[in-house]
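Student: next one to model:
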Amino acid sequence: MHISFAEFEAATQAQGYPEVLAREWLANTVAGEHSHPFDASALLVQGEMWLTVDGKTQHLLPGDRFALLRDTLHDERYGPEGATYWVGRRGASA
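Tutor: Model (predicted):
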């Protein structure tokens, strides 16, 4: 299934995520354990990444989706081509 950013944005906003953006990561970037002050719902559109939550790692490829609740500790690693994902965010803390 191939969708445009505009289609992703509309569907994600309809699901209650008012902020939608594209995130691009350079090759082999590692984001050690951290959390975010918002819920996230994302679609990987280019490259590959590994997302680790509670000691469990998912290898994500284009077309794969992932979601994280606010304040969930996780780490991210990106492949040799880097990666791009589209993400909706909701409920950011002040």
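Student: may I see the buried residues of whatever helix or strand Ala83 lives in?
Tutor: Element membership of Ala83 [criterion: DSSP states H and E] is strand 74-90. Under the neighbour-count criterion of 16 or more other Cβ atoms under 10 Å, strand 74-90 has 74, 76-79, 82-90 buried. Heads up, the C-betas are built off the backbone N, CA and C, glycines and all.
Student: repeat for stretch 31-44
Tutor: Here stretch 31-44 shows 36, 38-44 as buried, counting by 16+ other Cβ under 10 Å.
Student: so which of those are in strands?
Tutor: 39-44 (DSSP state E).
Student: nearest to Val30 among those residues?
Tutor: The closest of these to Val30 turns out to be Leu44 (Cβ to Cβ; 16.6 Å).
Student: taking the buried residues of strand 74-90, tell me the two that lie furthest apart.
Tutor: Among the buried residues of strand 74-90, Gly79 and Arg90 lie farthest apart (Cβ to Cβ), at 27.6 Å.
Student: mind listing the helices for the chain?
Tutor: 5-14 (DSSP state H).
Student: identify the bridge partners of Lys56.
Tutor: In this entry, Lys56 is beta-bridged to Val53, by DSSP bridges.
Student: and it, how far is that from Arg65?
Tutor: Distance of Lys56 to Arg65, computed by Cβ to Cβ, to the nearest Å: 16 Å.
Student: and Val45, by the same measure?
Tutor: When Val45 is compared with Arg65 (using Cβ to Cβ), they lie 11 Å apart.
Student: next: Ser35.
Tutor: Using Cβ to Cβ, we find Ser35 at a distance of 19 Å from Arg65.
Student: so what's Trp50 up against?
Tutor: Taking Cβ atoms under 8 Å, 6 or more residues apart in numbering, we find Trp50 in contact with 57-60, 76-77.
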